[in-house]
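A.B. asks: have a look at this prediction, sequence included:
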Amino acid sequence: MFLSVCALLYFGREVLLPLVLATLFCFLLAPIVNRLESLGLGRKLAVICTSVFSACLLFALLYVLVAQVLDFVSAVPGYRENLRAKAASIHASENGVLARALETFRDFGRELSPTPPAVSRGAPNGPLAVEVVDAEAPAVSLLRRLGGNIFGPLGTAAIVAIFVIFMLIDREELRDRVIHLVGKGRLRLTTQAMDDAAQRVSRYLLAQSVVNGTYGLSVGLGLYLIGIPSAVLWGILAAVFRFVPYLGPWIGAACPLLVAFAMSPGWSTLVFTLILFFALEVITGNVIEPWLYGTSTGISPMAVLVSSVFWAWLWGLGGLLLATPLTVCFVVLGKHVPGLEFIEVMLGDKPPIARESRFYQRLLAGDEAELREIAEKHEEEGKIGELFDEIVLPALRQAEEDFSAGVLDRNELSEIYERIRTVLRSLAGFDQASSDDAPEVLLVPARNQGDELAGRMVAYLMHGRDVRVQVLSSGLLNAEIAPLCQGEQPPRLMISALTESRVQSAPALARRLLGGNNAGRAIIGVWGRPPDSPLKGPDGFVVIVGGREAARYAVGHRRDSAPLAEKSAAAAKSLPVSRAQTP
């Protein structure tokens, strides 16, 4: 199937390429037509005005381009002496390294060049070779070659222009025809896919046109100030080649750099030209593009490279320029059409698996280096709460659920615990988060090491908010824990629970530790659970979902450390389940 589609695209490129070009131009010009229509112009008049303006702009650019090319060609012979002077400055001597390399290439070229046949001065010994010479006049042959090279692209451009005009006039009808053909029984899905594709492609083309036009203008102005001849030509080429992903800017910079190398016997012009292109590319790629449209294409960098090679192989330079818009359309199809989801997974910029699933997969694989890299990255960005609540705790919860389902054995679960401990110890101050000095919050594991490990992560978040917290070991007996919960101003008890069954059994643990009358002042912390998923907490208890929310709650209630027996019912009604929030 894939080979059949490739063959159709390759052999039908003479028809398909103008049609695709016209469609993309239609996406680019449609917002302008809509704007003119909103000003009171009719559809046809708006299309005519837009087409005339676009044609005038293209012809002006073409005229300037041809004039600049002719000026450059006439100036090329004058660079010969500069090249000789620069070559002389490079050569340390006639036997220098560069001289020997050039001589080697010349000898190699002479070896590869065909040897002309020797001319015999005597009588021929065999029959003479007869060559048939075309009697066509040289002028006619030249015109024929020029006609093939000039009128072919002009004819394609005329076809594209006609397609664009008719598409802009009848775009609603064309849209309805496509929906009728491919949207039978899936009208909503097809409409959503087409609207999404049109918006993405139109936004991308418009943003790229603005960015590349500004980039080309800056290049032309910069080269003019440096003193590079035909600066307008190189600015136009830089703007055009920048539509080619990644390599395009440097392809457009190649000719100006060569001219800068050839036009002056010194090196300053070449250095200034290189600095110009490097600075413009850094500013455009890292400041202007993210500010203007960010990653609006929705495709990954690797997909851009692969699609560029694929479409260039099929359709040449035209395919190279159209690679990104075409790939955007395929990603939209993969997003909206059932059965084509693999296209969005392969080409889209979204992670193929969720962050917590990736972390859990690395835990299973024992890749501690990548696990530490994930943790260190979040620490550098100041997103420790996000690391715990959205990545590590859900992965730990998944491990506990897999163990309960028999997918993991006890040894494998213990190895996962140890890997998580190793990763968390790489965080600054993680081992000092638990305090034995008059704690304000006492974190008690509901059952096992997983609950204890989750509690230590929550304690780290509380410690970062200056809350004194103590995490008890899962190996302690209830009789050893109960005395720590007593006193005139006892610490607030928080039970750390990873799974639903432990949430439901937490009230019984709280009653054993605090006594039946005081059990209401216990808090049940639920970790690794999506904050928007439904959860019914036990009656009479405050249930908090997420480590960040637990830290906020502890800070907000730190002054009221008296027993909460009278307030437990009111607290349970006002905050039955506290949802985690993004800071």
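C.D. replies: Okay, I see it.
A.B. asks: got any ranges where the stretch 401-550 of the chain has weak pLDDT?
C.D. replies: Applying pLDDT under 70 to the stretch 401-550 of the chain flags the ranges 435-436, 487, 516-520, 531-534.
A.B. asks: what segments of it are helices?
C.D. replies: Listed in chain order, the helices of the stretch 401-550 of the chain (DSSP state H, counting those that start in this stretch) span 410-424, 449-463, 478-481, 500-514, 547-556.
A.B. asks: just put the ones you listed in a markdown table and tack on mean neighbour count.
C.D. replies: C-beta: built from backbone N, CA, C; applies to glycine. Putting the helices of the stretch 401-550 of the chain into a markdown table (neighbours: other CB atoms under 10 Å) gives the following:
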| stretch | mean neighbour count |
| --- | --- |
| helix 410-424 | 17 |
| helix 449-463 | 25 |
| helix 478-481 | 12 |
| helix 500-514 | 18 |
| helix 547-556 | 22 |
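A.B. asks: quick check: which of these is nearest to E390?
C.D. replies: Counting by CB to CB, E390 lies closest to helix 547-556 out of the helices of the stretch 401-550 of the chain; the figure is 9.8 Å.
A.B. asks: which strands or helices does that closest one pack on?
C.D. replies: Packed against helix 547-556 by the contact rule (3 or more CB pairs under 8 Å, 6 or more residues apart in numbering; DSSP states H and E) you find helix 384-387, helix 449-463, strand 492-497, strand 523-526, strand 542-545.
A.B. asks: now those in TSV, please, with extra columns for distance to L513.
C.D. replies: As requested, the helices and strands packed on helix 547-556 are exported to TSV (distance: least, CB to CB, whole Å):
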stretch	distance to L513
helix 384-387	28
helix 449-463	14
strand 492-497	7
strand 523-526	12
strand 542-545	16
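A.B. asks: which strands and helices sit next to whatever helix or strand V211 lives in?
C.D. replies: In the assignment (DSSP states H and E), V211 maps to helix 187-226. Judged by 3+ CB pairs under 8 Å, 6+ apart, helix 187-226 is in contact with helix 13-38, helix 171-182, helix 231-241, helix 248-263, helix 268-283, helix 289-292, helix 301-336.
A.B. asks: one more time with 7 Å
C.D. replies: The contact analysis (3 or more CB pairs under 7 Å, 6 or more residues apart in numbering; DSSP states H and E) places helix 187-226 against helix 13-38, helix 171-182, helix 231-241, helix 268-283, helix 289-292, helix 301-336.
A.B. asks: neighbours around A158, how many?
C.D. replies: Other residues near A158 number 12, with proximity taken as other CB atoms under 10 Å.
A.B. asks: that one belongs to a helix?
C.D. replies: Yes. Assessed by DSSP: H, G, I helix; E, B strand; the rest coil, A158 belongs to a helix.
A.B. asks: next, format the helices of the stretch 401-550 of the chain as CSV and append distance to Y215.
C.D. replies: Formatted as CSV, the helices of the stretch 401-550 of the chain follow (distance: least, CB to CB, whole Å):
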stretch, distance to Y215
helix 410-424, 43
helix 449-463, 45
helix 478-481, 67
helix 500-514, 56
helix 547-556, 43
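A.B. asks: would you mind finding the most buried of the helices and strands packed on helix 187-226?
C.D. replies: For those, the stretch with the most neighbours on average is helix 231-241, a mean of 23; neighbours defined as mean count of other CB atoms under 10 Å.
A.B. asks: show me what that helix is in contact with.
C.D. replies: Contacts made with helix 231-241 from outside it, assessed by CB atoms under 7 Å, 6 or more residues apart in numbering, are listed as 61, 64-65, 68-69, 72, 212-213, 215-217, 219-220, 223-224, 228, 248-249, 251-253, 255-256.
A.B. asks: go on, stretch 34-51?
C.D. replies: Applying CB under 7 Å, 6+ apart, the set of residues contacting stretch 34-51 from outside is 29, 32-33, 165, 168-169.
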